[in-house]
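Chemist: Predicted coordinates and the sequence they were generated for:
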Amino acid sequence: VRLQRAPRPWKAAFELSDAAAVRIRELMARRDPPPVGVRVSLKHRGCNGMSYTLNYVNSADEDRVKSDEKVTDKGVTVYVDSRALLNIAGTQMDYVDTELASEFVFTNPNAKGTCGCGESFST
């Protein structure tokens, strides 16, 4: 008799908070034509090495993102740049709106350090 384990559920490569999903949907609804999603990638910049970039993905761009990790969360499609996936796997994106700033905030379990202003991180 051979026992089989139940498969473990996969954790999403990238997650959105409710606030981030609402804000992305609002921003995409303003565009004409509306994008099919957003793409998250990394740029080498900032005082600590890497920073996040967000770009709209239009239907014409879908060939460009075909190797990216496609995550649909809370009704929003996010394409995670395949070159950045190891550095941002498991990251949660939130949207914070205060009196001083309105911004997307990333909680990355892979980050080993961040700069003082929070704009860049290292792994």
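Modeler: Perfect, I can see it now.

Chemist: Just the buried positions in the longest helix belonging to the chain, please.
Modeler: Counting residues, the longest helix in the chain under DSSP state H turns out to be helix 18-29. Of the residues in helix 18-29, those buried by neighbour count under the rule 16 or more other C-beta atoms under 10 Å are 20, 21, 23, 24, 28. C-betas here are computed from N, CA, C, even on glycine.

Chemist: Was I right to think the fourth one contacts residue 73?
Modeler: No. With contact taken as C-beta atoms under 8 Å, residue 24 and residue 73 are classed as non-touching, separated by 9.9 Å.

Chemist: what sits in contact with each of those two?
Modeler: residue 16 (C-beta atoms under 8 Å, 6 or more residues apart in numbering).

Chemist: Flag every buried residue along stretch 30-50.
Modeler: Using 16+ other C-beta under 10 Å as the test for burial, stretch 30-50 gives 35, 36, 37, 38, 39, 40, 41, 42, 46, 48, 49, 50.

Chemist: swap in stretch 94-113?
Modeler: 94, 95, 104, 106, 108, 111.

Chemist: circling back to that earlier point, what's in contact with the longest helix of the chain?
Modeler: With contacts defined as C-beta under 8 Å, 6+ apart, helix 18-29 is touched by 16, 34-35, 37-38, 56, 73-76, 93-97, 104.

Chemist: can you do 6 Å?
Modeler: For helix 18-29, the external contacting residues (C-beta atoms under 6 Å, 6 or more residues apart in numbering) are 34, 35, 38, 74, 76, 93, 94, 95.

Chemist: Identify the residues contacting the most centrally placed residue in the chain.
Modeler: By C-alpha atoms, centre = their mean, the mean C-alpha position of the chain lies nearest to residue 40, the distance being 4.7 Å. Neighbouring residues of residue 40 by C-beta under 6 Å, 6+ apart: 54, 80.
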